[in-house]
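Peer 1: Below are the sequence and a predicted model; questions follow.
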Amino acid sequence: MALQPFRPPPEPSPARAPQDARRILGLRGRHWVWVALAVAVGYLVLSVVSVTGAVRILTRDPTAAELRRAADAEVARRWRAWPAGRIFPERLTYLPGTEEVEYATRAGIAPETDCAGSVDAATATVLQRHGCRAVLRATYADQLEGVVVTVGVVVFPDQQAAYQARQEIPGSPTALRAAAFPGTVAARFDDAARQSGTAERGGPYLVLTTAGQSDGRPATAVAGKQRPDDLFGLVPQLGHTIAQTLSTRALPDCTSADWQC
């Protein structure tokens, strides 16, 4: 038998991958390139739209409602933001029943701001029920220094709370406690000397007043006695002036330290 030379068996050819094995989630590789490109373009468009919207919001003029809210917020901060001398000016004008303007001069500003300690007990209950934050007080003397008036600014969280408190607190000589200042014309003005008082709301503030004579005579000593009609005519005027000054809205001014724009 003739010998045949040894020939190794032929190597198997590599199996060709099935056509579907080159797909991912049903897409070929080149298709995924287009998908990635489309996603990138979408993100770019979304970013441009977002930036454009933000720029429009930041550069547009405020609406009327936004201006009102900003003005109300500024009014509500005044009792903290304003110096005491701005809330209670050194001099206030009033009309004593004639055409000639006279001036009430500030005798002092009370350092205490406690709600309960600045008013009588019944008034304190009402103030606390409606969220009283502080009571600021100052005392003025009329131009002839015969009448002294303590003005109290009661601070509430908002206008509604101040309104509700005003409904329960009528103008009364005894609602607000007198603030006397030694060495001044108001040195003898104490709670027993209170003869007249008013109440007025301005924004989130309730302005109370109480007044008496500078010689400190008790209210009981003059009860029933006739007195000049205009003796305490300046009392509501002083309270109104301070209430109006504190509550009058101002247009936002971004150049002022009172505003944050």
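Peer 2: Noted; the coordinates are in hand. Quick caveat, the model's predicted, so the values are computed rather than measured.

Peer 1: Identify the residue nearest the residue nearest in space to the middle of the chain in space, chain neighbours excluded?
Peer 2: Most central in the chain under CA atoms, centre = their mean is residue 76, positioned 2.5 Å from the mean C-alpha point. The spatially closest residue to residue 76, leaving aside those adjacent along the chain, is residue 204, at 5.1 Å (CB to CB, 6 or more residues apart in numbering). Using the backbone N, CA and C atoms, a C-beta is placed for each residue, glycine as well.

Peer 1: neighbours around the one you found, how many?
Peer 2: By other CB atoms under 10 Å, 25 other residues sit near residue 204.

Peer 1: mind starting the numbering at 16 from now?
Peer 2: Happy to do that; since the first residue is 16 now, the last one works out to residue 219.

Peer 1: who's in contact with it?
Peer 2: Contact analysis of residue 219 by CB atoms under 8 Å, 6 or more residues apart in numbering lists 90, 91, 170, 171, 172, 173, 174, 176, 177, 262.

Peer 1: and with 10 Å instead?
Peer 2: Residue 219 is in contact with 87, 90-94, 146, 148, 169-178, 261-262, counting by CB atoms under 10 Å, 6 or more residues apart in numbering.

Peer 1: What about those, which are in strands?
Peer 2: When the contacts of residue 219 are checked against strands (DSSP state E), the matches are 169, 170.

Peer 1: where do the helices sit along the protein?
Peer 2: Secondary structure of the chain (DSSP state H): helices at 44-74, 79-96, 99-102, 136-144, 174-183, 234-237, 249-262.

Peer 1: Show me the one of these that comes nearest residue 164.
Peer 2: helix 249-262 (5.5 Å; CB to CB).

Peer 1: Who are the packing partners of the closest one?
Peer 2: Contacts defined by 3 or more CB pairs under 10 Å, 6 or more residues apart in numbering; DSSP states H and E place helix 249-262 against helix 79-96, helix 99-102, strand 106-109, strand 117-124, strand 149-156, strand 162-170, strand 211-217, strand 220-228.

Peer 1: Let's have these in a markdown table, adding distance to residue 190 and mean pLDDT.
Peer 2: A markdown table is the format used below for the helices and strands packed on helix 249-262 (distance: least, CB to CB, whole Å; pLDDT from 0 to 100):
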| stretch | distance to residue 190 | mean pLDDT |
| --- | --- | --- |
| helix 79-96 | 19 | 86 |
| helix 99-102 | 19 | 97 |
| strand 106-109 | 20 | 98 |
| strand 117-124 | 19 | 98 |
| strand 149-156 | 11 | 98 |
| strand 162-170 | 8 | 98 |
| strand 211-217 | 6 | 96 |
| strand 220-228 | 5 | 98 |
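
Peer 1: Export those as TSV, with columns for distance to residue 237.
Peer 2: Output for the helices and strands packed on helix 249-262, formatted as TSV (distance: least, CB to CB, whole Å):
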stretch	distance to residue 237
helix 79-96	34
helix 99-102	31
strand 106-109	22
strand 117-124	21
strand 149-156	18
strand 162-170	12
strand 211-217	11
strand 220-228	8
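
Peer 1: Out of the ones you listed, flag the one nearest residue 204.
Peer 2: strand 162-170 (4.6 Å).

Peer 1: Just the CA atoms of that closest one, as PDB, please.
Peer 2: Extracted in PDB, the C-alpha atoms of strand 162-170 (Å, rounded to 0.1, in the frame of the first residue of the first chain):
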ATOM      1  CA  VAL A 162     -50.400 119.600  76.700                       C
ATOM      2  CA  VAL A 163     -48.300 116.500  76.300                       C
ATOM      3  CA  VAL A 164     -49.100 113.600  73.900                       C
ATOM      4  CA  THR A 165     -47.700 110.100  73.900                       C
ATOM      5  CA  VAL A 166     -47.900 108.400  70.500                       C
ATOM      6  CA  GLY A 167     -47.700 104.600  70.200                       C
ATOM      7  CA  VAL A 168     -47.000 102.700  67.000                       C
ATOM      8  CA  VAL A 169     -48.300  99.100  67.300                       C
ATOM      9  CA  VAL A 170     -46.700  96.800  64.800                       C
END
